[in-house]
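**Q** Next comes the sequence, and after it the predicted model I'd like to discuss.
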There are 2 protein chains.
Amino acid sequence: MNIKCNLKELINGLNVVSVATNTRTTMPILEGVLIEAYQDKLKLTTNNLELGCEHVLDCNIIKEGKTVVDIRMLNEIIRKIEDEIVEIIVEDNLFTLKSVNGIFKLTTMDANEYPKLPIFNVESTIELEQRVFKDMIKRTIFCVSNDENRPIYNGALVKVDDNILTIVAVDGFRLALRKNLSEKNINNFKAIIPGKVLNELLKILSDNEDSYVKIGVNKNQALFQIGQSVIISRIIEGEFLNYNSIIPENYETKVKVKTKNLLDSFERVALFAKENKEKDKKSPVKMQVGIDGIVLSCVSDTGDAKEVITSIVEGKDIEIGFNPRYVIEALKAIDDTEISIEFTTNISPVLIKPTINNDYIYVVLPIKLRQ
Amino acid sequence: MNIKCNLKELINGLNVVSVATNTRTTMPILEGVLIEAYQDKLKLTTNNLELGCEHVLDCNIIKEGKTVVDIRMLNEIIRKIEDEIVEIIVEDNLFTLKSVNGIFKLTTMDANEYPKLPIFNVESTIELEQRVFKDMIKRTIFCVSNDENRPIYNGALVKVDDNILTIVAVDGFRLALRKNLSEKNINNFKAIIPGKVLNELLKILSDNEDSYVKIGVNKNQALFQIGQSVIISRIIEGEFLNYNSIIPENYETKVKVKTKNLLDSFERVALFAKENKEKDKKSPVKMQVGIDGIVLSCVSDTGDAKEVITSIVEGKDIEIGFNPRYVIEALKAIDDTEISIEFTTNISPVLIKPTINNDYIYVVLPIKLRQ
């Protein structure tokens, strides 16, 4: 194999396929990247058996061929080179990278032993802007559970129904749901995508307008086509929670408040929540909703805090406790300037959503206040 | 105690005195900051028994007094407040901070139990620009030894001789020396300042022109006056290395090279130095100086690298091995665009210095190359 390619494109490609490498593997070949040079294209492939990734870039081929080299080492070298074009030669099990002033040689692994990506027959697909999909992931991923005893909640449900794409994540204490209407007619589908995979997608998805991602699913896998890259993920098997049943439909108390004001206050008052000497015994943050608007307070071993936040209150007064992290994470995920919070009782799920937009819903369980 | 003060100035002051707090102490009071309000000044004091720090800011005093509160918690709260002015009230062992919307209460400790800073009688002083002193520390501190068996080298020698201020650090493998001529007539002195203290000074010293630092010493302590802050450090006792004897005076080979070119090449080639499977057995980077200029190379278990760097060579050819970290750290510390490297034999100390400036000297021992 002997090729020349643009260094920046190679760096970008290796960056993308790095998402599917595995440094804690018993198969050394999975620490490598499969590099194939055929028909003026350089194809980079990685596979950590849970996630597979392919990226194709243009190159100038002098001699076709394929090889596997350690991706971490290759990544480190090319990131420190400043040339525009690099030359790669593979000969006698040695991978040689030539820059203007330097020659770097790496030992290779057998390309025929590299585990192939599964062949993927797409059953249903949807295409949408990358930045929209990225935003959908960002607003829900923090609710994906890390509890390995309930593997189904280690992923988020991605589904299409009536031309609406919805992502939902739940972890037993809260739920985040973000939806997006498609302009095209698309087939219904649903798949539970592992949280880890969504996290890796966040790194690749672009914020630019007019960059699209195509999502395809079949029974066992999901495929994401992002520019010149293809990511194939396993799907988590099982039946997702019937989440509609836990989204409150009515309320006794409703508050409208500026998102940033509430977030800032929560962050200050929450400083006291973690200050108890017994680590497990975090104080809840108390929220009192009434004539003054919202009053947040927290009492701990080392002191206490109290803040008043101007807000518009409708309905009954209520006094309710929160794990501040669960509220702070949601408020950080909401870009809208104003939110509404809907309460029924102080032991029932609380609904948080933007006042204008109806594409995002967050439901959180309160904590019982100590008397 | 009851005062009002500017929030930004309070944040800045707490930031400065944080350098002398101690979170791993058996004396809980050392986790606190002593706050004293007298005569329209607010004085913040910290003391971790190795290092003491004072900062004074203006404030509006309604009632004088003093107290001690947990500095970490106070720091976190005030950093999250956005008001211009805050009010502090201390009453019944409670420290209360009032912002526009919030009230934060912290338990206090007994101000009379806070260990006082030593009274400091300055014997000799020097004043210089903060940015110059900062640069002097930056260029030498990486050679301060961490080896606690030789405590004298856990600090850098700061001395004045013939109106020249010099900082020298050595660690057994290398030496860094930076000097600066004073325009005023000053007394000679010398003191070994702990590396940890120099590190903290780096955080406080400003890069602005016309900001000065005053350094004072006596037998046991050194004092640094930086704007409204005073830092008092212990001095390491003992006799520092007679370092002049290890700075080579002659050479057999001399190379002039662009600092950035050599640094970039060293960083690339050094990637291979750490790649041996046996962690302790790092490969040295080989430097060959001859007709081609400098050729750097490194052979490891997983591959090898070779680079050529254009340079001007004078004298004999030489082949010499380096621990790449020792060269990279020095090259990063040198701002000058061109350096000269002077060699005698491949087992003798090597001298690196800027070609134009003579205020910086770096000496490094080579590593024996395997045959």
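**A** Thanks, I have it.

**Q** Which positions within the helix or strand hosting A:Ile88 qualify as buried?
**A** Using DSSP states H and E, the element containing A:Ile88 is strand A:85-91. Neighbour counts over strand A:85-91 (16 or more other C-beta atoms under 10 Å in any protein chain shown) mark A:86-90 as buried. To be clear about C-beta, it is placed using only N, CA and C from the backbone, and glycine gets the same treatment.

**Q** In a markdown table: these, plus distance to B:Phe343 and pLDDT.
**A** As requested, these are exported to a markdown table (distance: C-beta to C-beta, whole Å; pLDDT from 0 to 100):
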| residue | distance to B:Phe343 | pLDDT |
| --- | --- | --- |
| A:Val86 | 32 | 96 |
| A:Glu87 | 33 | 97 |
| A:Ile88 | 35 | 97 |
| A:Ile89 | 34 | 97 |
| A:Val90 | 38 | 97 |
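
**Q** Show me which residues of the stretch 101-250 of chain A sit near chain B.
**A** The stretch 101-250 of chain A comes close to chain B at residues A:101-107, as judged by C-beta under 8 Å from any C-beta of the partner chain.

**Q** With respect to A:Glu127, which of the residues you listed is nearest?
**A** Among these, A:Leu106 lies closest to A:Glu127 (C-beta to C-beta), at 38.2 Å.

**Q** can you pull the contacts of the closest one?
**A** The contact partners of A:Leu106, by C-beta atoms under 8 Å, 6 or more residues apart in numbering or on different chains, come to A:69-70, A:73-74, A:94-97, B:302-303.

**Q** Give me the buried entries from those.
**A** Using 16+ other C-beta under 10 Å as the burial test, the contacts of A:Leu106 include A:69-70, A:73-74, A:95-97, B:302-303 as buried.

**Q** Flag whichever of those scores worst on pLDDT.
**A** Within the buried ones among the contacts of A:Leu106, pLDDT reaches its minimum at B:Thr302, with 82.

**Q** residue contacts, it?
**A** Taking C-beta under 8 Å, 6+ apart as the criterion, B:Thr302 is in contact with A:70, A:73, A:106-107, B:272, B:275.

**Q** want to throw these into TSV with distance to A:Ser211 and secondary structure?
**A** Listed next are those as TSV, based on distance: C-beta to C-beta, whole Å; DSSP: H, G, I helix; E, B strand; the rest coil:
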residue	distance to A:Ser211	secondary structure
A:Asp70	31	strand
A:Met73	30	helix
A:Leu106	33	strand
A:Thr107	37	strand
B:Phe272	37	coil
B:Glu275	37	coil
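
**Q** how about JSON lines for those, with distance to B:Asn2 added?
**A** Below are those laid out as JSON lines (distance: C-beta to C-beta, whole Å):
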{"residue": "A:Asp70", "distance to B:Asn2": "65"}
{"residue": "A:Met73", "distance to B:Asn2": "63"}
{"residue": "A:Leu106", "distance to B:Asn2": "69"}
{"residue": "A:Thr107", "distance to B:Asn2": "72"}
{"residue": "B:Phe272", "distance to B:Asn2": "65"}
{"residue": "B:Glu275", "distance to B:Asn2": "63"}
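
**Q** Tell me the one of these nearest B:Arg325?
**A** Nearest to B:Arg325 among these is B:Phe272, at 13.5 Å by C-beta to C-beta.

**Q** so the closest one sits right up against B:Lys306, yeah?
**A** No - with contacts counted by C-beta atoms under 8 Å, B:Phe272 stays clear of B:Lys306, the gap being 9.8 Å.

**Q** Now for these two: what residues contact both?
**A** Residues touching both B:Phe272 and B:Lys306 comprise A:Phe104, with contact defined as C-beta under 8 Å, 6+ apart.

**Q** And the two? Which one has more around it.
**A** Higher neighbour count among B:Phe272 and B:Lys306: B:Phe272, with 28 against 19, using other C-beta atoms under 10 Å in any protein chain shown.

**Q** Let's have the buried ones among the contacts of A:Leu106 in TSV, adding secondary structure and distance to B:Tyr153.
**A** Formatted as TSV, the buried ones among the contacts of A:Leu106 follow (DSSP: H, G, I helix; E, B strand; the rest coil; distance: C-beta to C-beta, whole Å):
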residue	secondary structure	distance to B:Tyr153
A:Val69	strand	42
A:Asp70	strand	38
A:Met73	helix	35
A:Leu74	helix	39
A:Phe95	strand	43
A:Thr96	strand	43
A:Leu97	strand	41
B:Thr302	coil	35
B:Gly303	strand	36
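
**Q** Redo those residues as a markdown table? Include distance to B:Ser233.
**A** Formatted as a markdown table, the buried ones among the contacts of A:Leu106 follow (distance: C-beta to C-beta, whole Å):
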| residue | distance to B:Ser233 |
| --- | --- |
| A:Val69 | 51 |
| A:Asp70 | 47 |
| A:Met73 | 43 |
| A:Leu74 | 47 |
| A:Phe95 | 53 |
| A:Thr96 | 53 |
| A:Leu97 | 49 |
| B:Thr302 | 45 |
| B:Gly303 | 47 |
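
**Q** Of those residues, which is the nearest to B:Arg234?
**A** Out of those, the member with the shortest distance to B:Arg234 (by C-beta to C-beta) is A:Met73, at 45.2 Å.

**Q** wait, what's in contact with the closest one?
**A** So A:Met73 contacts A:106, B:271, B:275, B:302-303 (C-beta under 8 Å, 6+ apart).

**Q** Now do it against A:Lys306, distance only.
**A** 55 Å (C-beta to C-beta, to the nearest Å).

**Q** With A:Pro248 instead?
**A** Between A:Pro248 and A:Lys306 the computed distance is 28 Å (C-beta to C-beta).
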